[in-house]
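# Here you go, sequence then predicted model.
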Amino acid sequence: MKPFTKLTAVAVPLDMANIDTDKIIPARFLRKPRLPGYDPYLFHDMRFNADGSERPEFILNQPAYRGAGILVTGANFGCGSSREGAAYAMLDYGIRCVIAPSFGDIHYANELQNGMLPVILPEEVCRRLRGQLHDQPGAQLTVDLDAQTVTGPDGTTHRFEIDPIYRERLLKGLDDVGLVLQYQPEIEDFERGHYGEMPWLA
């Protein structure tokens, strides 16, 4: 998993609350195995017409926001089902951070597990950030996990909170497997000693 330290990227203002995981990735695309290439499914039914052509009114299809790395949304982002494909679709598109007043609990955990940073800021702060991004299409935000700050287009810095364990894992790029592998030498030493004392278990 790629570490998350500091990200400066174009940010997209999504003026919607209660964006559920079916909007992020429709259920019919969940049969695809976890391989690179989930990006076309991100907000698929809002991004594309039935014939596959882009909907020009959808914000991700507008030139200033193509290649964005940050989303700023309304409350309760990622509510609904527990599908991890929602995180895959955002990550493959290039989004590493979502800023919102609140998240669906399972989706919040799925973002963390996939190396994304979900940032919770007050609703009024999120609204102001989205307003600045609308006023300056293509503007960038800076998200600094080490300092736990978001810096807006106007230079204002906003502090956010995150569980220290999640913060450390993201800074080091550790998913559940990586977390265990940190202790591989100790685990191997234990196994050798354990089976040396009780060889009949081998």
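Perfect, I can see it now.

# alpha carbons only for contacts and neighbour counts from here, please
Will do.

# Poorly predicted segments of the chain, please.
176-190, 192-194, 201-202 (pLDDT under 70).

# Going along the chain, name the helices of it.
Assigned helices in the chain, in chain order: 21-24, 44-47, 85-93, 105-113, 123-135, 164-172, 176-181, 184-197 (criterion: DSSP state H).

# So which of the ones you listed is nearest T73?
helix 123-135 (7.1 Å; Cα to Cα).

# who's in contact with the closest one?
11-15, 72-75, 99-101, 139, 152-154 (Cα atoms under 8 Å, 6 or more residues apart in numbering).

# returning to what we had before: turn the helices of the chain into a markdown table, including distance to L30.
Below are the helices of the chain laid out as a markdown table (distance: least, Cα to Cα, whole Å):
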| stretch | distance to L30 |
| --- | --- |
| helix 21-24 | 10 |
| helix 44-47 | 12 |
| helix 85-93 | 7 |
| helix 105-113 | 15 |
| helix 123-135 | 30 |
| helix 164-172 | 26 |
| helix 176-181 | 22 |
| helix 184-197 | 33 |
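
# Could you identify which of those is most buried?
helix 85-93 (a mean of 24; mean count of other Cα atoms under 10 Å).

# Can you name every helix or strand that that one contacts?
If contacts are counted by 3 or more Cα pairs under 8 Å, 6 or more residues apart in numbering; DSSP states H and E, helix 85-93 sits against helix 21-24, helix 105-113.

# Could you say which one of those helices comes nearest to S82?
helix 105-113 (5.8 Å).

# Run through who's touching the closest one.
So helix 105-113 is contacted by 78-79, 82-84, 86-87, 117-118, 166, 170, 175-176 (Cα under 8 Å, 6+ apart).

# quick one, what contacts the residue most central in space within the chain?
By Cα atoms, centre = their mean, the mean C-alpha position of the chain lies nearest to M116, the distance being 3.5 Å. Residues counted as contacts of M116 (Cα under 8 Å, 6+ apart) are 4, 91, 95-98, 170.

# now it: how far from Y88?
10 Å (Cα to Cα, to the nearest Å).

# Identify the contacts common to the two.
In contact with both M116 and Y88: no residue, using Cα under 8 Å, 6+ apart.

# Output stretch 162-175 as CSV - backbone C-alpha positions only.
Presented in CSV, the C-alpha positions along stretch 162-175 are these (Å, rounded to 0.1, in the frame of the first residue of the first chain):
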residue,chain,number,x,y,z
ILE,A,162,-7.7,11.0,13.1
ASP,A,163,-7.1,7.9,15.2
PRO,A,164,-3.3,7.7,15.9
ILE,A,165,-3.3,4.1,14.8
TYR,A,166,-4.8,4.8,11.4
ARG,A,167,-2.5,7.9,11.1
GLU,A,168,0.6,5.8,11.7
ARG,A,169,-0.5,3.0,9.3
LEU,A,170,-1.2,5.5,6.5
LEU,A,171,2.1,7.3,7.0
LYS,A,172,3.9,4.0,6.7
GLY,A,173,1.7,2.5,4.0
LEU,A,174,0.6,-0.5,6.1
ASP,A,175,-2.5,-2.5,5.4
